[in-house]
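Q: This is a predicted model, with the sequence first.
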Amino acid sequence: MSFAFWVVAALTVAGGLAAVLLKNLVHCALALTIAFAGLALLFLQLDAQFAGFAQILVYIGAVAILIVFAVLLTRSSETPAQGGIFSHTWLAGLVVAAGLFAVLAWAVIESAGGLPHESSAPAVTVMQIGNALMGRYVLPLEILALLLTAALIGAAIVAMHEKEGTK
Amino acid sequence: MLERLDQVFVLFKDWLVAFLPASWQGVVGVIICVVAIIAVYPTLFALAVLMERKGLGRMQNRYGPNRVGPFGILQPVADGIKSLTKEDIVPLRADAVVHFLAPVVLVVAVFMGFAVLPMGRNMVLVDLDTSLLFFFAMMASTELSVFMAGWSSRNKYSLLGAMRAVAQMISYEVPLLLSSIVIVMMTGSLSLVRVVEAQNHFTGILPNWYVFTPWGFAGFIVFVIASTAETNRSPFDLPEGESEIIAGYFTEYSGFKFALFFLGEYVEMFAVAGLGTTLFLGGWAGPISFLSWVPSWIWFFAKVELWICFFIWIRGTLPRLRQDQLMNFAWKFVLPFTLFNLVVAAVWRFMGEGWLRWLVCWALVVGVYALAGRSGMRREKIGTRIYRYAD
Amino acid sequence: MLGEGILKGLAETAKNFAGSYVSKERLTTVQYPEERIPTAENARVFPFLVFDGKDWESGLRCVACQICEKECPPKCIYIEKSKDKKPDYVGKPQFYPARFDIDVSVCMSCQICVEVCPFEAIKMNTEFELATDDRFGGLLLDRHKLAQSNEYYHKIHPTEAAEVDARLAEEKAKTEAKAKAAAAAAAAKASAAAAAPKPAESATEKLAEPPAKAAESESKQGGGGQ
């Protein structure tokens, strides 16, 4: 695991930590963007070019903007949260996070035995991804498309109803 | 001899790098290319700014700047000195860190896009398998910097301008991507080098550029419109010319940061022009077969300059679009047209060679354009207005 | 079809662009300090004082009547009357202004001073390049700076100057004719008084008749003599 990996990993973790610890909500969103960028760099280090650039395009280019818009349109981001940023039910949160971490760690360690050791990553070209999506995984692709369309139409309907509600 | 002229930059880099030990050669080679890009594009930016002011002036029946040097050539130098020596004012309640980072993010994201453009034969900085995706990823990051600039100024007008800018950029990103997908479909690869190589053939003396095919032409039109909107150029420059006294999301920037935003905008223009040239106009390929002796990088830069001239021409001609007109146009006309273009490209692919597919596809494209124009851009009838509180 | 208007607009701008290199009407800019558009004849900027002849001090038409000072809306004229008099263009002794200052940074070019001047002494100049970096006195013009000759007035406003000159000449002629008639009447009175010296001690009524009789007999004689 090279020096570059450690730097990028530190950046990602720092971004994630900042996203939950900062007071200003928009700063948190921007820190989350740094975490996304760190993830994209990790993907690129693993030679998963498509995943890495799609991560940048989708997460930083769209999801981060969405989060920021949501923050700005729903609450005032200038006043910090009343009563501090640490919630009362932190014990329950800690238990859930620990449980999730345990499951993920178990999955990674169990599957690490079967992987080739420190060799070059498999070269998965975009063409292979495309073939797989259109061949073996076409049903999930179509269902995803339906889901996204439903989300889009639902958002439009919710916005429309709100407009009629205010009239 | 002409081949050497064609490869002159590559040969020069190889000669420079040969002085170093073998382990350093790769890195230093890349660094030399990066330095070249960082040197060339801001120079082109200075020329483009001058060309824009003089070109716009001539179109508006006046001279452009003509006092600073002979024919005003030194005007960009004067502008540069002015922006460097102006006081850098950061508002008291502005978010200093984000305020500082916004132009930095913009310039970094925009210059990264040049890493995958093939500027001549063998003259691409990095030959990625997914270079088109990389380019679009970089362009998407510029939206973030626009938002950061608008929000960090703690200025209602800046925020409003930034929201509108981001909404505009997001809306037009979809047609931009979809029009490039058609090219990817027909080439079979996301790599820009492969796209240019596929266009480097000639049927007879005419070039095989994608712009001359029906689906390519439709994609080209959409790409021009969407790229003008992505870079916030007139007629889509509502975010930056909004009310004209309040400059939208860069109201609170002065001095060098403003110059960086300006630089970022123009270099982004060059980047999307470079991408458009690569995808539709054949990249570094020449237009006529007997002109192939002209070096490839001359063709590339000539085509990019043509795009810039076209952008300037459009700016001098069209009035600014309002926000709702802009969004209507994107979602109701451009997007359906682009989606149908994909179908046309598929029809082309499965119809087989011959004149029939030309006829059918051209008819489809023109028909859909007329239909979409008629139905998508129909203006709503405005009836008599009712003023609720006027009585 | 969608886009037709845009294409027409693009053609128009292209015509403008190309035409600006060849035709003058597509590029009407005048490169200002090197070339200038000649000002119109009735252009007006700030006032000036007219003088006739060669010497500006003695030929100044202004008689310091101070009407323009009183009528000026922003009160930018300051006049001090002289103590002595000098003859004007018809020869009558008039006052002259010892000081005549106009503050052109205050003047609003309304031309009221020109309209009310009874002596055609103040007229509107067309010179506008008066910018100076002297904040305190640079735009306060004294009477030497304001005085311009009648030839200059003819140069900048030919028709107006011609009219003014004609009017002044007419006035001069009228006063001269009146003076001549008055001189002739006075001379006639003087000689008639000299021709009837004898009934000097008699009453004035007698004097009234014999001069009339004498004038009659004289005229008869004169008529008979001829």
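A: Yes, it's here. Numbering: from 1, shown residues only, chains lettered A, B, ... in the order given.
Q: remind me, longest helix of the chain?
A: Reading this off chain A. With residue count as the measure and DSSP state H as the assignment, chain A has helix A:138-166 as its longest helix.
Q: look at chain C instead
A: If each helix of chain C is counted by residues according to DSSP H, the longest one is helix C:158-195.
Q: Mind giving me the packing neighbours of that helix?
A: Contacting helix C:158-195 under the criterion 3 or more Cβ pairs under 8 Å, 6 or more residues apart in numbering or on different chains; DSSP states H and E are the following elements: helix C:150-156, helix C:204-225. In this view, the C-beta of every residue, glycine as well, is placed from N, C-alpha and C.
Q: hey, least reliable of the ones you listed by pLDDT?
A: Within those, the stretch with the lowest mean pLDDT is helix C:204-225, showing a mean of 46.
Q: Alpha carbons of stretch B:44-64, as CSV, please.
A: Taking only C-alpha atoms (Å, rounded to 0.1, in the frame of the first residue of the first chain), the coordinates of stretch B:44-64 have been written out as CSV:
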residue,chain,number,x,y,z
LEU,B,44,-4.6,32.2,-26.1
PHE,B,45,-6.9,33.6,-23.5
ALA,B,46,-5.3,37.0,-23.8
LEU,B,47,-5.6,36.9,-27.5
ALA,B,48,-9.2,35.8,-27.2
VAL,B,49,-10.1,38.6,-24.9
LEU,B,50,-8.6,41.1,-27.3
MET,B,51,-10.3,39.5,-30.3
GLU,B,52,-13.6,39.5,-28.4
ARG,B,53,-13.5,43.2,-27.6
LYS,B,54,-12.4,44.2,-31.1
GLY,B,55,-14.8,41.8,-32.8
LEU,B,56,-17.7,42.9,-30.7
GLY,B,57,-16.8,46.5,-31.4
ARG,B,58,-16.8,46.0,-35.1
MET,B,59,-20.1,44.2,-34.9
GLN,B,60,-21.5,47.1,-33.0
ASN,B,61,-20.3,49.8,-35.4
ARG,B,62,-17.4,50.9,-33.4
TYR,B,63,-13.7,50.3,-32.9
GLY,B,64,-12.6,48.1,-30.1
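Q: Is it in proximity to chain C?
A: Yes: figure legend: stretch B:44-64 in contact with chain C (Cβ under 8 Å from any Cβ of the partner chain); contacting residues B:55, B:58-63.
Q: Could you export those as JSON lines, including secondary structure and neighbour count?
A: Below are the residues of stretch B:44-64 next to chain C laid out as JSON lines (DSSP: H, G, I helix; E, B strand; the rest coil; neighbours: other Cβ atoms under 10 Å in any protein chain shown):
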{"residue": "B:G55", "secondary structure": "helix", "neighbour count": "20"}
{"residue": "B:R58", "secondary structure": "helix", "neighbour count": "21"}
{"residue": "B:M59", "secondary structure": "helix", "neighbour count": "23"}
{"residue": "B:Q60", "secondary structure": "coil", "neighbour count": "14"}
{"residue": "B:N61", "secondary structure": "coil", "neighbour count": "15"}
{"residue": "B:R62", "secondary structure": "coil", "neighbour count": "13"}
{"residue": "B:Y63", "secondary structure": "coil", "neighbour count": "16"}
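Q: Pick the one among those closest to B:G120.
A: Each of those was checked against B:G120 using Cβ to Cβ; the closest is B:G55, at 26.4 Å.
Q: Strands of chain A, start to end?
A: For chain A, no strands turn up when DSSP state E is the criterion.
Q: and the longest helix of chain C, how far out from the chain's middle?
A: Taking Cα atoms, centre = their mean, to the nearest Å, the mean C-alpha location of helix C:158-195 is offset from the chain mean by 20 Å.
Q: What of stretch B:338-354?
A: For stretch B:338-354, the distance from its own C-alpha centre to the chain's C-alpha centre is 26 Å (Cα atoms, centre = their mean).
Q: Go through that stretch and flag the buried ones.
A: B:338, B:340-342, B:344-345, B:348 (16 or more other Cβ atoms under 10 Å in any protein chain shown).
Q: possible to save those as a markdown table with distance to C:I37?
A: Output for the buried residues of stretch B:338-354, formatted as a markdown table (distance: Cβ to Cβ, whole Å):
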| residue | distance to C:I37 |
| --- | --- |
| B:T338 | 53 |
| B:F340 | 57 |
| B:N341 | 54 |
| B:L342 | 59 |
| B:V344 | 58 |
| B:A345 | 59 |
| B:W348 | 61 |
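Q: quick one: which of these is nearest to C:Y153?
A: Distances from these to C:Y153 were compared by Cβ to Cβ; the smallest belongs to B:T338, at 73.0 Å.
Q: For the closest one, list the residues it contacts.
A: Contacts for B:T338 (Cβ atoms under 8 Å, 6 or more residues apart in numbering or on different chains) come out as B:174-175, B:178-179, B:218-219, B:222.
Q: Get me the contact residues on chain A for chain C.
A: For chain A, no residue is in contact with chain C (Cβ under 8 Å from any Cβ).
Q: where does the chain have low pLDDT?
A: Looking at chain A here, since you left the chain open. For chain A, the stretches flagged by pLDDT under 70 are A:1, A:75-85, A:114-123, A:162-167.
Q: Chain C, not that one
A: Counting by pLDDT under 70, chain C contains low-confidence ranges at C:90, C:196-226.
Q: What residues does it have near chain B?
A: Of all the residues in chain C, those lying near chain B are C:1-3, C:6, C:9-10, C:12-14, C:16-17, C:20-21, C:26-29, C:31, going by Cβ under 8 Å from any Cβ.
Q: Could you list which of those residues belong to helices?
A: Secondary structure assignment by DSSP H places C:6, C:9-10, C:12-14, C:16-17, C:20-21 of the residues of chain C next to chain B in helices.
Q: Filter those residues down to the buried ones, PyMOL style.
A: Written as a PyMOL command, the selection of buried residues from these, which uses 16+ other Cβ under 10 Å, is:
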select buried, chain C and resi 9+10+13+16+17+20
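Q: From C:V164, how far out is the residue nearest to A:L57 when sequence neighbours are not counted?
A: In this structure, A:L57 finds its nearest non-sequential neighbour in B:A137, 4.3 Å apart by Cβ to Cβ, 6 or more residues apart in numbering or on different chains. According to Cβ to Cβ, to the nearest Å, B:A137 and C:V164 sit 80 Å apart.
Q: Name the nearest residue to the residue in chain A that chain B sits nearest to, ignoring sequence neighbours.
A: Of all residues in chain A, A:G61 sits closest to chain B, at 2.6 Å by Cβ to the nearest Cβ. If the residues on either side of it in the chain are set aside, A:G61 comes closest to B:A140, at 2.6 Å by Cβ to Cβ, 6+ apart.
Q: what's the offset of the longest helix of chain A from the middle of its chain?
A: Mean C-alpha position of helix A:138-166 versus that of the full chain (Cα atoms, centre = their mean) differs by 21 Å.
Q: same thing with stretch B:140-152?
A: 17 Å.
Q: nearest spatial neighbour of residue 141, skipping sequence neighbours?
A: In the absence of a named chain, this looks at chain A. Setting aside the residues directly before and after it, A:L141 is nearest to A:L133 in space (Cβ to Cβ, 6+ apart), at 5.4 Å.
Q: hmm, I had chain B in mind actually
A: Setting aside the residues directly before and after it, B:S141 is nearest to B:A109 in space (Cβ to Cβ, 6+ apart), at 4.0 Å.
Q: check which helix or strand covers that neighbour.
A: Here B:A109 is covered by helix B:96-112, with elements defined by DSSP states H and E.
Q: who's in contact with the residue nearest to A:L57?
A: For B:A137, the set of contacting residues under the criterion of Cβ under 8 Å, 6+ apart consists of A:53-54, A:56-57, A:60-61.
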